[in-house]
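Asker: Pasting the sequence and the predicted model now:
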Amino acid sequence: MNLHHAREAITLHHSLWAGRIMNAIVVIALMADGIIQLFAPAQIASMLQETGFATDLTSVVGPVLLVCAICYAIPATAVLGAILVTGYLGGPICAHVRIGELGSPPEIISLLLGAMTWGGLYARDPRIRAILPLIR
């Protein structure tokens, strides 16, 4: 193995771990949100009401979010999970834009989680890097 291959292997190793860490942060955040919506809907009710959603939607949204997070956490379904997570995160962004809260914390968190969803997948999966090359 020459020096170039050794550097490339180290870079791929670091990229793999960076991707895993980003994925773990996303999964933990989504699972926590889903669990809170299922088991403590009163804490979420005021936020739902502010954005114009019915407060009883937590019993539907919580399980949907947990399914999205689980799909994303399983390597075989990670791409499907990333698509589902991206769609889910579009909801809070749209809701806060609709009520005129541009740049609100939920909107920024959703944007960051969406970027981390695809960034983590990009960093750890060579198939994604092959489909979406950033540098030629």
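Answerer: Received the coordinates, thanks.
Asker: contacts and neighbour counts: CA atoms only from here.
Answerer: OK.
Asker: number of nearby residues for residue 79?
Answerer: 19 (other Cα atoms under 10 Å).
Asker: what about it, helix or strand, and which?
Answerer: helix 78-98 (DSSP states H and E).
Asker: which residues sit against that helix?
Answerer: With contacts defined as Cα atoms under 8 Å, 6 or more residues apart in numbering, helix 78-98 is touched by 51, 65, 68-73, 102, 104, 106-107, 110-111, 113-114, 117-118, 121.
Asker: Stretch 30-38 now?
Answerer: 43-44, 58-59, 61-66, 69.
Asker: Could I get the buried residue list for that stretch?
Answerer: The neighbour-count check on stretch 30-38 (16 or more other Cα atoms under 10 Å) flags 30-31, 33-38 as buried.
Asker: again with stretch 86-100
Answerer: In terms of neighbour count (16+ other Cα under 10 Å), stretch 86-100 has its buried residues at 86, 88-89, 92-93, 95-96.
Asker: related to what we said a few turns ago, for the contacts of stretch 30-38, which two are the farthest from each other?
Answerer: 43 and 69 (20.7 Å; Cα to Cα).
Asker: Comparing these two, which residue is more hemmed in?
Answerer: For residue 43 versus residue 69, neighbours defined as other Cα under 10 Å are more numerous around residue 69 (24 against 11).
Asker: separation between the more buried one and residue 124?
Answerer: Distance from residue 69 to residue 124, counting by Cα to Cα, to the nearest Å: 17 Å.
Asker: any idea how far stretch 45-65 is from the chain center?
Answerer: Offset of stretch 45-65 from its chain centre (Cα atoms, centre = their mean, to the nearest Å): 18 Å.
Asker: Show me which residues of that stretch are buried.
Answerer: Quick answer for stretch 45-65 (16+ other Cα under 10 Å): 45, 48, 51, 55, 58, 61-65.
Asker: what's the helix or strand harbouring residue 49 packed up against?
Answerer: Residue 49 is part of helix 41-50 when elements are defined by DSSP H and E. Using 3 or more Cα pairs under 8 Å, 6 or more residues apart in numbering; DSSP states H and E, the elements in contact with helix 41-50 are helix 3-39, helix 58-73.
Asker: Which of those helices has the lowest mean pLDDT?
Answerer: Mean pLDDT is lowest for helix 3-39 out of the helices and strands packed on helix 41-50, coming in at a mean of 83.
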